[in-house]
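S.K.: my questions are about this predicted structure, shown below with the sequence.
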Amino acid sequence: MKPPNRLFAYACLALSMSLVGCYVALSKPLAAVLPVFLLAWMRFGIGGLAMLHWLKKPVDEPPLTPQTKRLLFLESFLGNFLFTICMIYGVSLTDAVSAGVTMAAIPAAVALMGWAFLRERVAPRTWAAVVCAVGGVALFSLSKPEHIAHAGQALGAKNTQNLAWLGQLLLVGAVICEAAYTVIGKKLTGSLGPKRITSLINLWGFVLTTPFGLYLALDFDFAAVGWSTWLLLLFYAMAACMWTVWLWMTGLKAVPAAQGGVFSVMLPVSAALVGVLLLGESLTAMQLVAFAIALASVLLATLPSRAAMRVGRKNRAG
């Protein structure tokens, strides 16, 4: 499969993270009705059924090497399974502000891991974009009025055993898992197509969550779940397991991991927009400034460099 052009790749990455923000914002009712690991198991199951035709090996695809098989497992284990555990329990032991500020480090972690493991050269302007991304998302997290009002209360209620340090450690683990997801995904796109990667890591996600899902399903009253919740679960499963992953892997096929990581800023931006447009929430002036900084990081990461513009002019002239 030929890599897509840069503009299409950027659009895929931005749309992927925007969809993640949408389903994160809209999945709050799901988490209130379904236990987390039962929700994850059903999500992977629905996604797997929708992607059965993607599992078939293309004729022109080389056989899976042992290294590729290990990477596929790690992609699902780190990016889906372990990330979920670290994120959920990290937030439960700290607070939403700590989670938002810590998760803002994802673009920087991706850039560092891409440099260390993929030997990617990170341009100065990409580092500047990473700094803007981290600063914008961190500022947005700190400027949420409801988080500032309830942070101390949440810490007092949940950390009676003084386990905030463990929660922070778990959040750092979530950042590393998410960065590894991008870096390993970039590695996989060198030998597999986006559809195959999406379906195979979803299959591993289903396998990993099946013991927990079956255990929770035995005592769960499925008849008490309303039809609107089932429809929301269907959207959540398709978006989380199929659409966003395919878009992300398609974009990574043509974009370095460090540049791709910058697009994670679209997650809080889209989640906030869903909150404003559909859930009746409001944005403060400080949050708007934070969004401007975050979106500036995307511009820094994607605008063509002077060298690229000179090459383009020479090609057109020739």
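M.R.: Structure's in. What do you need? Quick caveat, the model's predicted, so the values are computed rather than measured.
S.K.: dump the helix or strand harbouring Thr250 to PDB, restricted to CA.
M.R.: When elements are assigned from DSSP states H and E, Thr250 belongs to helix 244-252. Once side chains and other backbone atoms are set aside, the C-alpha atoms of helix 244-252 remain, and they are given as PDB (Å, rounded to 0.1, in the frame of the first residue of the first chain):
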ATOM      1  CA  THR A 244     -10.000   6.100  15.100                       C
ATOM      2  CA  VAL A 245      -7.400   3.300  14.900                       C
ATOM      3  CA  TRP A 246      -7.700   3.000  11.100                       C
ATOM      4  CA  LEU A 247      -7.400   6.800  10.700                       C
ATOM      5  CA  TRP A 248      -4.400   6.900  13.100                       C
ATOM      6  CA  MET A 249      -2.500   4.100  11.400                       C
ATOM      7  CA  THR A 250      -3.300   5.600   8.000                       C
ATOM      8  CA  GLY A 251      -1.800   8.900   9.000                       C
ATOM      9  CA  LEU A 252       1.200   7.400  10.700                       C
END
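S.K.: quick check: mean pLDDT across it?
M.R.: Averaged over helix 244-252, pLDDT sits at 95.
S.K.: chain center to that helix: distance?
M.R.: The chain centroid and the centroid of helix 244-252 are separated by 11 Å under C-alpha atoms, centre = their mean, to the nearest Å.
S.K.: repeat that for stretch 74-81.
M.R.: Using C-alpha atoms, centre = their mean, the mean C-alpha position of stretch 74-81 is found 11 Å from that of the whole chain.
S.K.: now what about it, what contacts it?
M.R.: Stretch 74-81 has contacts (C-beta atoms under 8 Å, 6 or more residues apart in numbering) with 40, 44, 177-178, 180-181, 184-185, 188, 197, 201-205, 208-209. No exception for glycine: its C-beta is placed from N, CA and C like everyone else's.
S.K.: can you give me the strands in the stretch 101-250 of the chain?
M.R.: When assigned using DSSP state E, counting those that start in this stretch, the stretch 101-250 of the chain turns out to have no strands.
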